[in-house]
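Visitor: need coordinates for the following:
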Amino acid sequence: MAIRTTPKVISKRIVAALLATILLALISLTVHALDNKEKIMPQEVTLQLGKKGPESFKLAGAVADHHTAGELAGFLDLKWPSKQLGVVTIRHGGHDLTIPHTFSAMGTAWSQPKGEGVVGIDLNSGISAGELIRHREAYDLWVKLMKRIQDSGWQRYIYLSSPRLTGKDAIRYFQDEENFGLGEITDPGAVPDFNTWYSVMMKRGMIATFYLDGVEMSLSFDSTVNDQEDLDDINKTLSFKEWGQYMMRIEFNNLRMSMREQMYLTFLEGIHDEKMLSAKREDIANNMTKYWPRYRDIELAKRKKEEAMLVSKGYKIDEGYQDPDLLPYLQKEPKF
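Guide: Modelled structure (predicted):
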């Protein structure tokens, strides 16, 4: 038999339902508020690569992401609001390099081999605190940053397959007059004048590479506003001839891992059987004294060919440049 429901009972049920809904909403808002509070990062953090890396990210309040790459890798994320950008210090080999105006930092930790810790750190940063900046001011800050990086112990790093250029030859290559190395800085100590710098920035942006104790730092610097129309979307009162917007992406990579991957790509090419691939990878990893010289010879042959072409165009090669000895960092046990 159906139970008859009176208007009074219905009214009580509606009130109870509304109260329950309000209570759930308040709980939800409280949880979200707590979550947001937890995600507020300290403005100044110190991060490290290697075995100490995970703990440094944890102390900074990083959010761990173990889903994006499944079982292959884990990512440690830090993000700062635009009103209070982060000040990130990268500590390595007894040297500190501080990068202000940072929007985000991400650490990468591969699941295999175990015990490597954080193998890479990526920063997305501005050249200044403001969203927009005069081109000349951006240039001055970029010049100061290049000097500060080198004063912090980082040295210029030229890939084994890339040409060794310095001084005016490095600037000529950077300008890409013959369509060779547009935006590639082979000598951070050779500073282009403002007009040369600005011309390259408007074409492509630029990249500089440094080295310190088994770690490669790659700094790319780009204009994110390409014309007056782009600038008008942000601020209609400013002229693109004077004002712009610039972003930096700075990548720190443990060469122990990244160089091994390059070697695997070279020596595993053409092998498709999973068992053979696994066995060959292990052989390479366990016999670096055998495979590293072979890999160097392959890459240096590419450099020799490139440099010969540049010499024919009037370039002078920097014969005094010494490639860092990476073999100690490629051995089985991590150095840091």
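Visitor: any low-confidence regions in this protein?
Guide: Applying pLDDT under 70 to the chain flags residues 1-40, 66-73.
Visitor: just checking, what packs against the longest strand seen in the chain?
Guide: Counting by DSSP state E, the longest strand found in the chain is strand 95-110. Where contact means 3 or more Cβ pairs under 8 Å, 6 or more residues apart in numbering; DSSP states H and E, strand 95-110 is packed against strand 44-48, helix 53-60, strand 73-79, strand 86-92, strand 120-126. For the C-beta atoms, the positions are set from N, CA and C on the backbone; glycine is no exception.
Visitor: tell me which residues touch the nearest residue to Glu319 once chain neighbours are set aside, please.
Guide: Residue nearest to Glu319 in three dimensions, not counting chain neighbours: Arg164, with 7.3 Å by Cβ to Cβ, 6 or more residues apart in numbering. Arg164 makes contacts with Ile158, Thr186, Arg303, Glu307, Ile317, Asp318, Glu319, Tyr321, as judged by Cβ atoms under 8 Å, 6 or more residues apart in numbering.
Visitor: against Glu306, how distant is Arg164?
Guide: Distance check for Arg164 against Glu306: by Cβ to Cβ, to the nearest Å, it reads 10 Å.
Visitor: same question, Arg172
Guide: Arg172 is 15 Å from Glu306, by Cβ to Cβ.
Visitor: what does Gly74 give?
Guide: Remark: distance between Gly74 and Glu306 (Cβ to Cβ) = 38 Å.
Visitor: and the angle from the longest strand of the chain to strand 86-92?
Guide: 90 degrees (axes from the mean of the first three to the mean of the last three Cα atoms, to 10 degrees).
Visitor: tell me how far strand 95-110 is from the chain's mean position?
Guide: How far strand 95-110 lies from its chain's middle: 8 Å, per Cα atoms, centre = their mean, to the nearest Å.
Visitor: ok, stretch 202-219 next?
Guide: Mean C-alpha position of stretch 202-219 versus that of the full chain (Cα atoms, centre = their mean) differs by 10 Å.
Visitor: end to end, how far does that stretch reach?
Guide: 17 Å (Cα to Cα, to the nearest Å).
Visitor: now do stretch 171-184
Guide: 9 Å.
Visitor: for Phe174, give me the backbone phi and psi.
Guide: phi -60, psi -40 (degrees, to the nearest 10).
Visitor: so it makes contact with Gly205?
Guide: No: with contact defined as Cβ atoms under 8 Å, Phe174 does not reach Gly205; the gap is 11.6 Å.
Visitor: more neighbours, these two?
Guide: Set side by side, Phe174 and Gly205 show more neighbours around Phe174, with 24 against 18, by other Cβ atoms under 10 Å.
Visitor: gap between the more buried one and Val225?
Guide: Using Cβ to Cβ, Phe174 is found at 22 Å from Val225.
Visitor: could you do Asp232 as well?
Guide: According to Cβ to Cβ, Asp232 stands 10 Å off from Val225.
Visitor: which one's more surrounded, the two?
Guide: With neighbours defined as other Cβ under 10 Å, Asp232 and Val225 compare such that Val225 has more, 19 against 13.
Visitor: quick check: the more buried one touching Ser239?
Guide: No: using Cβ under 8 Å, Val225 is not in contact with Ser239, being 11.6 Å away.
Visitor: common neighbours of these two, please.
Guide: Leu231.
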